[in-house]
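Visitor: let's see this in three dimensions:
(chains A and B)
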Amino acid sequence: MRLNTTVNGEARQVDDVWEGESLLYVLRERMGLPGSKNACEQGECGSCTVYLDGVTVCACLVAAGQAEGRDVRTIEGLAGLAGGTDLDPIQQAFIDAGAVQCGFCTPGLIVAAHELLARRPDPQVAEIREALAGNLCRCTGYQQILEAVQAAARARQAGPA
Amino acid sequence: MEFLRPASWPEALAAKAEQPSAAPLAGGTDLMVELNFDRRRPEALLDLNSIGELAGWATDGDQLVLGATLPYARVIVELGDRLPGLAMAARTIGSPQIRNRASIGGNLGSASPAGDCHPVLLALNATVEVASARGSRLIGVDEFYLGPKRSALAPDELIRAVRIPAGTGPCQFAKVGTRNAMVIAVCSFAIALHPAAGSVRTGIGSAAPTPVRAADAESFLAGELASGGQWESRGELDPTVAARFGELVARAAAPIDDVRGTARYRRHALAVLARRTLTWAWQEYRTCA
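Guide: Below is the predicted model:
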């Protein structure tokens, strides 16, 4: 089937999409957007977290056809959202805090944290843990990730440098 | 495989009548897993996300009517005050990403004995509104669950909504799992006190082939509360009554040993959950006079 959807602000059309495949497969294998990671394929790990019409979802659990006519934003579309080409504060904070080891969970964590900060600009630690509860990291032990989210919150509140 | 995208409820019913094997798809948190792992290849997917009325909720007299695809994230935010027990169960489901997609209609359609909303629906005496091209009918939640992943839904029927009597009394829910998020229940329990009717209702999850009520525990507790005049006095609950209630709940379960826990552990945990949730619910009843 043919799929029309908007991804990172750009109208995209892809053909020969199998009806049973996931949005994640379409993004990675048909649109050349491998940032969203394919790990568990059952919604357990959060590595494929993207925005669908502004709501965070596991792209592996969205059927491709359910994205028809809708707005998708992936990790590739976060930088420069506020204008320019700069990394989003949460992306920069992950780099600065060393919140990345193998990096596989990072895109999903960044999208989930991005959504949290848009909703709660100054989250408590418990709120951060709750918001990131669906994103598994097997390397870091999460401490640097929590620090990165707190640092990003401070950076966002301070405004662009 | 076909991808069917009905734009309205009548269109969805017509599509399901024509192709009863079409798999209803909303949040995809169960069905897409089966597709991703090649466990299921339905002839067609019937996407219900374009039907706006299914994703909302409304009041109808003294009932709350929750559309089948209303995501749990909205149940928590929008109905947490009116349906605190259901919101409590909803908060334990999956993760934020899962709660943004998963819905009561999906929980019911899957009819897994471990589904987190089932014990609350049993305790609140919910009614499932289903429909087909032949017409619509109401199924009491007590009659809905028939076996593991089997329900009273006919092949050509779709779940439209769940009707829940609102504001009948305190409702509490508790669940045992290995962590606080992303966990399937080892066992779960819900209790609702219905002071106006002088009754108590319960729901046990993940400890029998279907979600079940603990009928003996319910009638024991209702009897104790009535004979002690406690609905009126709102006096303290006798700890031995709470303990006996827990024992009767454990006895009502029919658990098995599996990867998540043993039958023995489940019975023990259910007795604890039942005693605790009763204590919380009674405390709530005493203080919200």
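Visitor: mind listing the residues bridging to B:Gln63?
Guide: B:Gln63 forms beta bridges with B:Asp60, B:Pro165, as assigned by DSSP bridges.
Visitor: what are the ranges of the strands in chain B?
Guide: B:2-4, B:23-25, B:44-47, B:57-60, B:63-67, B:127-132, B:135-140, B:145-147, B:150-151, B:158-165, B:171-176, B:187-194, B:199-205 (DSSP state E).
Visitor: so what does the fifth one touch, helix or strand wise?
Guide: This means strand B:63-67. Under the contact definition 3 or more Cβ pairs under 8 Å, 6 or more residues apart in numbering or on different chains; DSSP states H and E, strand B:63-67 sits against strand B:57-60, helix B:72-79, strand B:158-165. To be clear about C-beta, it is placed using only N, CA and C from the backbone, and glycine gets the same treatment.
Visitor: now do the spatially most central residue of chain B, the pLDDT please.
Guide: Taking Cα atoms, centre = their mean, the centroid of chain B lies closest to B:His118, which sits 2.1 Å from it. Looking at B:His118, its pLDDT reads 98.
Visitor: how about it: what's its closest non-neighbour residue?
Guide: Computed as Cβ to Cβ, 6 or more residues apart in numbering or on different chains, the closest residue to B:His118 that is not its neighbour in sequence is B:Pro211, at 3.6 Å.
Visitor: can you give me the neighbour number for the one you found?
Guide: Counted with other Cβ atoms under 10 Å in any protein chain shown, residues neighbouring B:Pro211 total 29.
Visitor: now do the contacts for A:Arg120.
Guide: Going by Cβ atoms under 8 Å, 6 or more residues apart in numbering or on different chains, A:Arg120 touches A:127, A:131.
Visitor: my bad, B:Ser188
Guide: Counting by Cβ under 8 Å, 6+ apart, B:Ser188 has contacts B:89, B:92, B:114, B:116, B:119, B:173-176, B:204-206, B:273.
Visitor: if we use 6 Å, what do you get?
Guide: B:Ser188 sits next to B:119, B:175, B:205-206 when contact means Cβ atoms under 6 Å, 6 or more residues apart in numbering or on different chains.
Visitor: how about B:Ala152?
Guide: By Cβ under 6 Å, 6+ apart, the contact list for B:Ala152 reads B:139, B:143-144, B:146.
Visitor: over to B:Arg267?
Guide: Counted by Cβ under 6 Å, 6+ apart, B:Arg267 has contacts B:250, B:253.
Visitor: so where's chain A uncertain?
Guide: Chain A contains residues with pLDDT under 70 at A:82-83, A:160-161.
Visitor: tell me how many other residues crowd the residue in it that chain B sits nearest to.
Guide: Residue nearest to chain B within chain A: A:Gly134 (2.2 Å; Cβ to the nearest Cβ). Other residues lying near A:Gly134 total 25 when counted by other Cβ under 10 Å.
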